[in-house]
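Peer 1: here is a sequence together with a model predicted from it:
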Amino acid sequence: MKTVLSCIQPTGDIHLGNYFGAVANWVKLQNDYHCYFGVVDCHGMTMPYDANKLRTNTWNMACQLLALGVEEENLFIQSLVPEHLQLSWILSCVCSYGELSRMTQFKDKMEQLRSGDKDVLASSGLFIYPVLQAADILIYQADLVPVGKDQEQHLELTRNIAERFNHQFNTDFFKLPAPLMTDVPKLLSTADPAKKMSKSLGERHYINIFGEQDFLIKQIKTAVTDAGGDPSVMSPGVQNLFTILKESGDQSSHDSLKKDFESGTLKYSSLKEATTEALLAFIHPFKEKYKAIQDNQAETTERIIHNSRKIRLKAIETYNQVAEITGIMSPNANPF
């Protein structure tokens, strides 16, 4: 059985775009692959952050993933597996400065910092974090990594690092992980359909699966629809609502309202009402399971810690072999 690795940063509650873009796919992959799914809290340190909020978000993210169907035995928290960071240093010594300076996400984050607080400096961690991403993948010898278009560059860097490591140390130790491309629906901001659904734009721009119901209802009710163009051409906002309706499982209403649009009789209020009802019904089981998990928070936390330690055994095995290859000591090595 091939190994799949995928991770998510704990930047807050999981929104609908996160779910359909990644987590729903993770749940399906568990049936056919040996999976490792990580909450990568160390990556959350690369931008200005609040320590207490990061810790809270990390535990909430882990619990939400369980509520959404990720199996407990496949889930770990990155900082509970310190070998990720140890391997990252070794890999940084075979990764070139030029490769890191060409990473587009680094440039995007730099622009984000420049447009914000002028007193905030870009950290070296922000520059080098793609190497930690490579370590996240390689420490489990992943065969496949689910990626979107915006992540292909990072996976290519991981492959380059693995290939250079193998060449430099005359070994074939690291596998070259391949992308696992999947068709995922692209959800847009309900407030600005010209942009992707994202937490970075503010709470009006993403649908929080675990948020307040009244706020969700208001979001759909006030969602931008008509772009003022040709009424016979579906605007991005209307298309977005149809996508949410379909992905929420109400194919019948989707098809019926689609016919209304094609005949020019669609009422946006009807589309929004159907989308709201379908979405609320779709996320209800997730919210119920999340509440049950929160009610047993102490027990769930212990299980997540225990499972991270079990997953760590694979990371330790890989790291010890890398230490042997590269000529450094590992904590469990016998120097004699």
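Peer 2: All right, it came through fine.
Peer 1: what about the helices in the stretch 201-336 of the chain?
Peer 2: 213-221, 236-247, 251-263, 268-295, 297-326 (DSSP state H, counting those that start in this stretch).
Peer 1: of these, which stretch is the most buried?
Peer 2: Most buried of the helices of the stretch 201-336 of the chain, by mean neighbour count (mean count of other C-beta atoms under 10 Å): helix 236-247, with a mean of 21. All C-beta spots, glycine's among them, are computed from the backbone N, C-alpha and C.
Peer 1: could I get the full set of helices for the stretch 1-150 of the chain?
Peer 2: In the stretch 1-150 of the chain, helices defined by DSSP H, counting those that start in this stretch lie at 16-18, 24-29, 51-67, 83-92, 97-101, 104-114, 124-138, listed in chain order.
Peer 1: returning to that earlier point: dump the helices of the stretch 201-336 of the chain into CSV; add distance to S101 as well.
Peer 2: Output for the helices of the stretch 201-336 of the chain, formatted as CSV (distance: least, C-beta to C-beta, whole Å):
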stretch, distance to S101
helix 213-221, 39
helix 236-247, 34
helix 251-263, 45
helix 268-295, 41
helix 297-326, 25
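Peer 1: out of those, which is closest to L75?
Peer 2: With C-beta to C-beta as the measure, helix 297-326 is the member of those nearest L75 (6.3 Å).
Peer 1: where does pLDDT dip in the stretch 1-150 of the chain?
Peer 2: For the stretch 1-150 of the chain, the stretches with pLDDT under 70 are 112-113, 116-120, 149-150.
Peer 1: mean pLDDT added to the helices of the stretch 201-336 of the chain, as a markdown table?
Peer 2: Converted to a markdown table, these look like this (pLDDT from 0 to 100):
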| stretch | mean pLDDT |
| --- | --- |
| helix 213-221 | 96 |
| helix 236-247 | 95 |
| helix 251-263 | 96 |
| helix 268-295 | 96 |
| helix 297-326 | 95 |
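Peer 1: any idea which of the helices of the stretch 1-150 of the chain gets closest to A223?
Peer 2: The minimum distance between A223 and the helices of the stretch 1-150 of the chain falls on helix 16-18, with 12.4 Å, by C-beta to C-beta.
Peer 1: which residues touch the closest one?
Peer 2: With C-beta atoms under 8 Å, 6 or more residues apart in numbering as the test, helix 16-18 has contacts from I8, L187, K196, M197, S198, Y206, I207, I209, I244, L279.
Peer 1: and the helices of the stretch 201-336 of the chain: which comes nearest Y129?
Peer 2: That would be helix 297-326 among the helices of the stretch 201-336 of the chain, by C-beta to C-beta, at 18.1 Å.
Peer 1: so that closest one versus helix 83-92, what angle?
Peer 2: Going by axes from the mean of the first three to the mean of the last three C-alpha atoms, to 10 degrees, helix 297-326 is angled at 30 degrees with respect to helix 83-92.
Peer 1: okay, the angle between helix 297-326 and helix 51-67?
Peer 2: Put simply, helix 297-326 runs at 100 degrees to helix 51-67, going by the same axes, to 10 degrees.
Peer 1: now for helix 297-326, which elements pack on it?
Peer 2: Applying 3 or more C-beta pairs under 8 Å, 6 or more residues apart in numbering; DSSP states H and E, one finds that helix 297-326 contacts helix 51-67, strand 75-77, helix 83-92.
Peer 1: could you dump these to CSV with distance to Y36?
Peer 2: Shown next, in CSV, are the helices and strands packed on helix 297-326 (distance: least, C-beta to C-beta, whole Å):
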stretch, distance to Y36
helix 51-67, 12
strand 75-77, 7
helix 83-92, 11
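Peer 1: which of the ones you listed is buried the deepest?
Peer 2: Neighbour counts (mean count of other C-beta under 10 Å) averaged over each of the helices and strands packed on helix 297-326 peak at strand 75-77, with a mean of 24.
Peer 1: run the chain-centre distance for that one.
Peer 2: Offset of strand 75-77 from its chain centre (C-alpha atoms, centre = their mean, to the nearest Å): 13 Å.
Peer 1: could you do stretch 177-195 as well?
Peer 2: Chain-centre distance of stretch 177-195: 12 Å, with C-alpha atoms, centre = their mean.
Peer 1: buried residues in stretch 179-191?
Peer 2: Residues L180, V184, L187, L188, S189, T190, A191 are the ones in stretch 179-191 that count as buried (16 or more other C-beta atoms under 10 Å).
Peer 1: contact partners for S330?
Peer 2: Applying C-beta under 8 Å, 6+ apart, we find S330 in contact with Y319, N320, A323, E324.
Peer 1: then I217?
Peer 2: Listed by C-beta under 8 Å, 6+ apart, the contact set of I217 reads T276, L280.
Peer 1: out of the helices of the stretch 1-150 of the chain, nearest to K2?
Peer 2: Among the helices of the stretch 1-150 of the chain, helix 24-29 comes nearest to K2, with 10.1 Å by C-beta to C-beta.
Peer 1: what helices or strands is that closest one leaning on?
Peer 2: Checked by 3+ C-beta pairs under 8 Å, 6+ apart, helix 24-29 has strand 34-39, strand 144-146 packed alongside it.
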